[in-house]
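Enquirer: pasted the sequence and its predicted model underneath.
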Amino acid sequence: MKKVLQLCCFLLIASSIHAQVVLPEREQAKVIDEILGERFNTVVPALMERTGIDMWIVISREYNEDPVLRTMLPSTWLSARRTTMIVFYHDMNKQTIEKLAIARYNVGESIKASWDMNKFPDQWDALVDIIVSRNPQKIGINTSEHFAHADGLDHTHYDMLMKKLPPAFKSKVVSAEPLAVGWMETRTEKEMQIYPKLVSITHDIIAEGFSNKVVTPGVTTTDDLVWWFRQKLTSLGLITWFHPSVAIQRSDSTSFEHLRSFSNRPKDDVVQPGDLLHVDFGITYLRLNTDCQQHAYVLKPGETDAPASIKKAFANSNRLQDILTSNFKTGRTGNEMLLASIKQAKAEGITPSIYTHPLGFNGHAAGPTIGMWDMQQGVPGSGDYKLYPKTAYSIELNSATYIPEWKKEIRIMLEEDGYFDGTNFRYIGGRQEKLHIIKY
């Protein structure tokens, strides 16, 4: 009964600060559409110029949405409608951008319906007419070997397009991978005005979850905490893009193991004094995502702070963050940044593991992959993609440190969200630099 009452109390905890930050649905829609309009007019033509693709065709069927198309739909569209076709045509000479929907209706305010059904009863014929009349040099379609985000054109629609295209235009069809990835990874000024609020909410919820408001040592389990984080988001009118996780490292015979930490955690592990807690948690708001990992220490009777050895372990991972972000240079590949950072960390006596990823419309977003936990020598394909300005990342990594009192190594697994402006890297909402402390 005590445990049930405690869980009920968890669900009643409210945060008026967060409630004020989260906009009503109507206001959220306005922000989303404003940002989307800006992106169509600035991000798309700049990327088409950069990639040399002067026509970009995005085709998607209702409930089988291309990942790119999902980010282009207006706020009131929760899916594509029937078969939705969007064409961007950038006239490189005139420096103009056309945004056309081969559809029965406009796709939001920015993309106008351009299908004359009287002239072209067949939607594909209308698409071909637009292609032929513009006569592009490169026709980009969303196919990609290495990026799921850029591989959204399904097999059926690819076959239909190639069947309908006149022979002279088939040779102009290219993968729009660099264009699609660029669209997904590029963050605008308006988005970066919003992002600190998302990170602040994420950090504040973690701080609350890792406090005596929520945790009662000897009673609260890791699964209690996981569901507290999920319920907290729901109570604020927010959602998460992945189920949170909470894990414990403690003075026992269990050694750290990546698979156990990431997917095979005990669900009913009771939090005890002397435990080192870890949470992996992120939110989705205004079509943007956060992804954060932080730690807390549960004081033992008589303790006023975490042991010096654990604080030193935490400092090692902070230092590993600094090493990695110092290697962010425009034009470097994810693999180059990974290998340079690992080499430097080892030279400084740190045992590193780096698995950093882009962040934005997705939690695991498009852009350069900077290691995976099981691929520390480099990641073929997405790891060969270069770093561009105006992009965001989850700086995700860990370092191993031996704890004499526990007679074993622990891993401090940190993840904080940051932004690269082309010259400098910065944390969007700061980073954890000391452990959360839970009193016994």
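Expert: Here it is on my side, so go on.

Enquirer: what about Gly218, which SS state?
Expert: Classification of Gly218 using DSSP: H, G, I helix; E, B strand; the rest coil returns coil.

Enquirer: in this protein, what secondary structure element scores lowest on mean pLDDT?
Expert: Among the secondary structure pieces of the chain, namely its helices and strands, helix 2-12 has the lowest mean (mean pLDDT, DSSP states H and E), a mean of 37.

Enquirer: beta partners of Ile139?
Expert: Beta-bridge partners for Ile139, by DSSP bridges, are Met55, Val173.

Enquirer: ok, now which ones touch it?
Expert: Contacts of Ile139 were listed using C-beta atoms under 8 Å, 6 or more residues apart in numbering, and they are Ile53, Met55, Ile57, Ile131, Phe169, Lys172, Val173, Val174. Every residue, glycine included, has its C-beta placed from N, CA and C.

Enquirer: ok, and the closest non-adjacent residue to the fourth one?
Expert: In space, not counting the residues next to it along the chain, Ile131 is nearest to Phe169; the distance is 6.1 Å by C-beta to C-beta, 6 or more residues apart in numbering.

Enquirer: so how far is the helix or strand hosting the one you found off the chain centroid?
Expert: Assessed by DSSP states H and E, Phe169 sits inside helix 167-170. Relative to the mean C-alpha coordinate of its chain, helix 167-170 is positioned 37 Å out (C-alpha atoms, centre = their mean, to the nearest Å).

Enquirer: neighbouring contacts of it?
Expert: Residues outside helix 167-170 that contact it (C-beta under 8 Å, 6+ apart) are Ile131, Val132, Ile139, Met162.

Enquirer: the second one touches Pro166, doesn't it?
Expert: The one in question is Val132. Yes: here Val132 reaches Pro166: they are 6.7 Å apart, a contact under C-beta atoms under 8 Å.

Enquirer: neighbour count for the two, which is higher?
Expert: When Val132 and Pro166 are compared for neighbours, Val132 comes out ahead with 13 against 9, by other C-beta atoms under 10 Å.

Enquirer: got a list of what the more buried one touches?
Expert: Contacts were defined as C-beta under 8 Å, 6+ apart; by that measure Val132 touches Pro166, Phe169.

Enquirer: give me that answer again for 10 Å
Expert: Taking C-beta atoms under 10 Å, 6 or more residues apart in numbering as the criterion, Val132 is in contact with Leu165, Pro166, Ala168, Phe169.

Enquirer: do His357 as well
Expert: Contact analysis of His357 by C-beta under 10 Å, 6+ apart lists 291, 334, 363-372, 382, 393-396, 415.

Enquirer: narrow these to those in helices?
Expert: Using DSSP state H, the subset of the contacts of His357 located in helices is Gly334.

Enquirer: quick check: closest non-adjacent residue to Gln249.
Expert: Once flanking residues are discounted, Gln249 sits nearest to Leu276: 4.5 Å by C-beta to C-beta, 6+ apart.

Enquirer: could you double-check that that neighbour lies in contact with Arg250?
Expert: Yes: with contact defined as C-beta atoms under 10 Å, Leu276 and Arg250 form a contacting pair (6.7 Å).

Enquirer: these two - which one has more neighbours?
Expert: Under the neighbour definition other C-beta under 10 Å, Leu276 and Arg250 were set side by side, and Leu276 has more, 24 against 17.

Enquirer: that one bridge partners, please.
Expert: Here Leu276 sits in beta bridges with Gln249, Tyr297, going by DSSP bridges.

Enquirer: please report phi then psi for the most centrally placed residue in the chain.
Expert: A centroid search over the chain (C-alpha atoms, centre = their mean) returns Gly363, at 2.1 Å, as the residue closest to the centre. Dihedral pair for Gly363: phi -70, psi -50, per degrees, to the nearest 10.
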